[in-house]
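Chemist: Sharing a model that was predicted from the sequence below.
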Amino acid sequence: MSINKRALRPHHCPDLIRMGNKFDGGYIIPQSHIKNSQVLLSLGINDDWRFDKEFQAFNPDCRVVGVDYTVGLGFIVRKTLQNSIKSLLNTLLFRHDKRQKYWTRLLNCVFFYSFFRGKNSHLQRRVSKTSGQLDISLDELIQQHCGTPEDTVFLKMDIEGAEYQVIDDLCKHADRINVVAAEFHHLDTHTEHFNQFIAAMSERFHIVHIHGNNYGRYVDTIDFPETVEITFINKTLMPDARPSTHSYPVAGLDFPNNPKKPDYSLAFE
């Protein structure tokens, strides 16, 4: 089975900005819809929640709900020690770029509990199709942790393959979701699931950006990267959408996730 590339051609969005890291961890999102979000639902945070912090700095009234079952006290302590050592080592070796990278991650760990408190919250749960003792569905997250039905949700999602399990719940709550910025994994082995996800999303959302993650392979059998980042906007917010004329990656917005390797060029035919 092949990727339905034509369905991936982005629509023009005039106010896209980059938020988060310059390289891995950054997303291209519409600036005008940050202010319109009452809740940022951030699925998958690991030790990098710069996107979440910048988003809330841009919209201080927004609540952040972070969800990641791998992040707990033990994780924070371990990452704090690791990033302290790596920051010091790269300082001694005059590797300023790497030193800044690990220093930023160190600060993230140090201030984790000060950020995810008050109106913000962190759930140590695993996003899945259904809820259980560890697992939690997107349906439950939106209904029980994202305020009232009138609160608009901005969804950021990097959950390492579990994204294909949430499409039904995502479509169910499409009226509340204005933007989705998501990373999709294993396009070579989950080609059918990926195509089905895009087809379902296209009923309610426009794709406005796509970028290949060059930490993953470029897979010849599908002639596409195995991992891509895609931004969707609710169609009600773009009633007069037209195809984008950009080539991808977009200069000035996109940067290779791995700066040591060239970015992947994407074609939609």
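Modeler: Received, thanks.
Chemist: Which residues belonging to the helix or strand containing Q144 are considered buried?
Modeler: Using DSSP states H and E, Q144 sits within helix 138-145. By neighbour count with 16 or more other Cβ atoms under 10 Å, helix 138-145 contains the buried residues 138-139, 141-142, 145. (C-beta placed from N, C-alpha, C; glycine too.)
Chemist: How about residues contacting that helix?
Modeler: Outside of helix 138-145, the residues within contact range by Cβ atoms under 8 Å, 6 or more residues apart in numbering are 41, 43, 65, 67, 121, 123, 127, 131, 153, 166, 169-170, 172-173, 176.
Chemist: let's go with 7 Å and repeat that
Modeler: By Cβ atoms under 7 Å, 6 or more residues apart in numbering, the list of residues contacting helix 138-145 from outside reads 41, 65, 67, 123, 127, 131, 153, 166, 169-170, 172-173, 176.
Chemist: Compare these and tell me which is most surrounded.
Modeler: V127 (26 neighbours; other Cβ atoms under 10 Å).
Chemist: so for stretch 252-263, what's the average pLDDT?
Modeler: Average pLDDT, stretch 252-263: 92.
Chemist: Ok, stretch 65-81 next?
Modeler: 87.
Chemist: Toward the C-terminus from the lengthiest helix in the chain, list the very next helix or strand.
Modeler: Under DSSP state H, the helix in the chain containing the largest number of residues is helix 73-92. Going down the chain from helix 73-92, the next helix or strand is helix 96-110, by DSSP H and E.
Chemist: Would you indicate which residues of the lowest-mean-pLDDT helix or strand in the chain are buried?
Modeler: Lowest on mean pLDDT, DSSP states H and E among the helices and strands of the chain sits helix 96-110, with a mean of 78. Residues of helix 96-110 classed as buried: 99, 101-103, 105-106, 108-109 (neighbour count, 16+ other Cβ under 10 Å).
Chemist: Now do the strands in this structure.
Modeler: Here the chain has its strands, by DSSP state E, at 16-19, 27-30, 39-43, 63-67, 121-123, 126-128, 135-137, 153-157, 177-184, 205-212, 218-219, 224-225, 228-234.
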